[in-house]
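Participant: No letters, just coordinates:
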């Protein structure tokens, strides 16, 4: 059980929730979050947006019943956090681009923070695509060598693939698929963060299966971050 | 006061009546990273079939008021791979290992059960109630004649304690339970999920590729409890009761309805430590009520 420190509205339906406590977690991992008893039944898997010595943050969009309840939380309210779960992004070196689409930018903040502290990262560029308006530019900018924002277009058009050894991406599947496909022509390795409906969150129930070249993988346990070329996308 | 939570299910002794339901607990590994699962009574494995299955395409989970619909479709590594890679882990635990077996055809069931029967497992749970596979599964558990046939054939190929897991979609669940008893089953477990559906009104189609899916969770509890009660009153073999048990009070209800053991399924998704907390709650209740043995309250309603 943790306590909410703040729950800031960033857009009409986008919030950053900060909870108090010392939490574990690597970039790309997630927590199962709930702030209610038995209804709705399932917890909500939210990737770690940021983590500090005495707090953890989640960036989320109100999507259904669970996130609606989260959006109403006030400072000092209780919240249950189980985790951290899953495999996150690898701590790599070289020239790296982070590409987020919409609310998919959420896990890339912690990634930017960690990578910017990692020796041997020569270039860290951040690309963020939004449908209507950009959010959190200033927050991401401080870790980026270059920050590229695209509104109502295709962020994939802005990426100069040959510049990068690695791309970490999270967002709509169609965007991630396109990045994986486009990167094939270069020597750029892509890691994607997959989103699926989850139940247990720990790898037992098999409802969040992700199709890969080596069979079904559990998004919650084997992912949510996968090597892009291994994933067979639904789109 | 020391309360005695030991239960005997036919000849199998459980240190307590809490069993993790098939399909909600994998093969135990994941939850063992979260808490000491040896405090539980037993584990039913993920449903296994003769050969590996990749399971169903499309959405596999959908929340409903007080419940979930699932359509996993028996994704599993197959019995041989289970024996090769998972059984040792389970055997090393102080837990009753119940291997859940499903299949598409009678022959598949027979072969899978035969293979498992050569191994060191404590019990078999015969799944004739999975609604999420196109062939087999629940089809064997709807009608009396097909249930009779499969239990009769399986009984011939295994000496392991045999529990038959029934579907609430059965035409007459009491009748089917009696048939299982007549054919030599050592126990009954019920209920599996209710055949149900959801429609995406924007996409104007069913949420699940298979159209129908299995409903579990608190939404089904009162019906499951009634079915467990009816079956317990009508058979003399022991019963594992399940269906929407989310806390110790639910668990006590199922025991009072006559269940020897109880299975915890969907509750694991609400709280990964649900099994442990239910066990602690039962102990507290027994202490408060000065109940020394769980036998004192079994089937009192």
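Facilitator: Yep, that arrived. Quantities reported herein were computed from a predicted structural model and do not represent experimental measurements.
Participant: so who does residue B:127 touch?
Facilitator: B:22, B:47, B:100, B:101, B:102, B:137, B:165, B:192 (C-beta atoms under 8 Å, 6 or more residues apart in numbering or on different chains). All C-beta atoms are positioned from the backbone trio N, CA, C, and that covers glycine.
Participant: same thing but 10 Å
Facilitator: The contact partners of residue B:127, by C-beta atoms under 10 Å, 6 or more residues apart in numbering or on different chains, come to B:22-23, B:44, B:47-49, B:74, B:100-103, B:109, B:133, B:136-138, B:140-141, B:163-167, B:189, B:192.
Participant: Skipping adjacent residues, who's closest to it in space?
Facilitator: residue B:102 (4.2 Å; C-beta to C-beta, 6 or more residues apart in numbering or on different chains).
Participant: how about residue A:158, phi and psi?
Facilitator: phi -90, psi -10 (degrees, to the nearest 10).
Participant: how would you label the residue nearest to it when sequence neighbours are not counted: helix, strand or coil?
Facilitator: Distances taken as C-beta to C-beta, 6+ apart put residue A:148 closest to residue A:158, at 5.2 Å, once the chain neighbours are dropped. With DSSP: H, G, I helix; E, B strand; the rest coil as the basis, the three-state label of residue A:148 is strand.
Participant: shouldn't residue A:148 be in contact with residue A:130?
Facilitator: No - with contacts counted by C-beta atoms under 10 Å, residue A:148 stays clear of residue A:130, the gap being 11.7 Å.
Participant: Please enumerate the helices of the stretch 51-200 of chain B.
Facilitator: In order along the chain, the stretch 51-200 of chain B carries the following helices (DSSP state H, counting those that start in this stretch): B:79-85, B:87-91, B:106-117, B:139-142, B:144-157, B:173-182.
Participant: would you turn these into JSON lines with mean neighbour count and distance to residue A:103?
Facilitator: Below are the helices of the stretch 51-200 of chain B laid out as JSON lines (neighbours: other C-beta atoms under 10 Å in any protein chain shown; distance: least, C-beta to C-beta, whole Å):
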{"stretch": "helix B:79-85", "mean neighbour count": "17", "distance to residue A:103": "37"}
{"stretch": "helix B:87-91", "mean neighbour count": "15", "distance to residue A:103": "38"}
{"stretch": "helix B:106-117", "mean neighbour count": "19", "distance to residue A:103": "44"}
{"stretch": "helix B:139-142", "mean neighbour count": "23", "distance to residue A:103": "42"}
{"stretch": "helix B:144-157", "mean neighbour count": "18", "distance to residue A:103": "48"}
{"stretch": "helix B:173-182", "mean neighbour count": "21", "distance to residue A:103": "45"}
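Participant: Give me the common contacts of residue A:148 and residue A:130.
Facilitator: residue A:155.
Participant: more crowded one of those two?
Facilitator: Neighbour tally, residue A:148 and residue A:130, criterion other C-beta atoms under 10 Å in any protein chain shown: the higher count belongs to residue A:130, 20 against 16.
Participant: how about the nearest residue to that one, chain neighbours excluded?
Facilitator: Residue A:130 sits nearest to residue A:151 (C-beta to C-beta, 6+ apart), 5.3 Å away.
Participant: Can you give me every residue that contacts that neighbour?
Facilitator: Here residue A:151 is in contact with A:128, A:129, A:130, A:131, A:132, A:133, A:134 (criterion: C-beta under 10 Å, 6+ apart).
Participant: Can you flag the buried ones in the residues you listed?
Facilitator: With burial judged by 16 or more other C-beta atoms under 10 Å in any protein chain shown, the buried subset of these is A:128, A:129, A:130.
Participant: so what's residue B:186 up against?
Facilitator: Counted by C-beta under 10 Å, 6+ apart, residue B:186 has contacts B:9-12, B:123-124, B:155, B:160-164, B:180, B:237-238.
Participant: which among the residues you listed end up buried?
Facilitator: For the contacts of residue B:186, buried by 16+ other C-beta under 10 Å: B:9, B:12, B:123-124, B:155, B:160-164, B:180, B:237-238.
Participant: What's the local residue count around the residue in the stretch 101-250 of chain B positioned nearest to chain A?
Facilitator: Residue of the stretch 101-250 of chain B nearest chain A, by C-beta to the nearest C-beta: residue B:217 (5.5 Å). By the criterion of other C-beta under 10 Å, residue B:217 has 28 neighbours.
Participant: Surely it and residue B:67 touch.
Facilitator: Yes - assessed by C-beta under 10 Å, residue B:217 is found in contact with residue B:67 at 3.6 Å.
Participant: Could you single out the nearest of the contacts of residue A:151 to chain B?
Facilitator: Of these, the one sitting nearest to chain B (C-beta to the nearest C-beta) turns out to be residue A:131, at 18.0 Å.
Participant: That closest one - nearest residue in space that isn't next to it in sequence?
Facilitator: Nearest one to residue A:131, counting by C-beta to C-beta, 6+ apart, is residue A:152 at 6.0 Å.
Participant: Just the pLDDT for the one you found.
Facilitator: Reported pLDDT at residue A:152 in the predicted model: 95.
Participant: Residue A:234 now?
Facilitator: So residue A:234 comes in at 84 (pLDDT).
Participant: so which helix or strand takes in it?
Facilitator: When secondary structure is defined by DSSP states H and E, residue A:234 falls outside every helix and strand.
Participant: what are the bridge partners for residue B:195, then?
Facilitator: Counting by DSSP bridges, residue B:195 is bridged to residue B:214.
Participant: if we can go back for a sec, with residue A:38 as the reference, measure out to the residue of the stretch 101-250 of chain B closest to chain A.
Facilitator: To residue A:38, residue B:217 is 9 Å away according to C-beta to C-beta, to the nearest Å.
Participant: List just the nearest of the buried ones among the contacts of residue B:186 to residue B:300.
Facilitator: residue B:238 (15.8 Å; C-beta to C-beta).
Participant: Excluding chain neighbours, what is closest to the closest one?
Facilitator: Per C-beta to C-beta, 6+ apart, closest to residue B:238 is residue B:260, 4.0 Å.
Participant: tell me the contacts of that neighbour?
Facilitator: Residue B:260 neighbours (C-beta under 10 Å, 6+ apart): B:7-10, B:14, B:17, B:187-188, B:232, B:237-241, B:254, B:294-295, B:298-299.
Participant: Now residue B:103: phi and psi?
Facilitator: The phi/psi pair for residue B:103 (degrees, to the nearest 10) is phi 180, psi 170.
Participant: just residue A:151 next, same as before
Facilitator: According to degrees, to the nearest 10, residue A:151 has phi -110, psi 130.
Participant: Return the distance of it relative to chain B.
Facilitator: 25 Å (C-beta to the nearest C-beta, to the nearest Å).
Participant: picking that back up, can you pull the residues that touch both of residue B:217 and residue A:38?
Facilitator: B:66, B:246, B:267, B:270.
Participant: confidence score at the residue lying closest to residue A:11 once chain neighbours are set aside?
Facilitator: Once flanking residues are discounted, residue A:11 sits nearest to residue A:135: 6.0 Å by C-beta to C-beta, 6+ apart. pLDDT for residue A:135: 96.
Participant: re earlier: let me know the closest of the buried ones among the contacts of residue B:186 to residue A:3.
Facilitator: For those, the nearest to residue A:3 is residue B:9 (43.7 Å; C-beta to C-beta).
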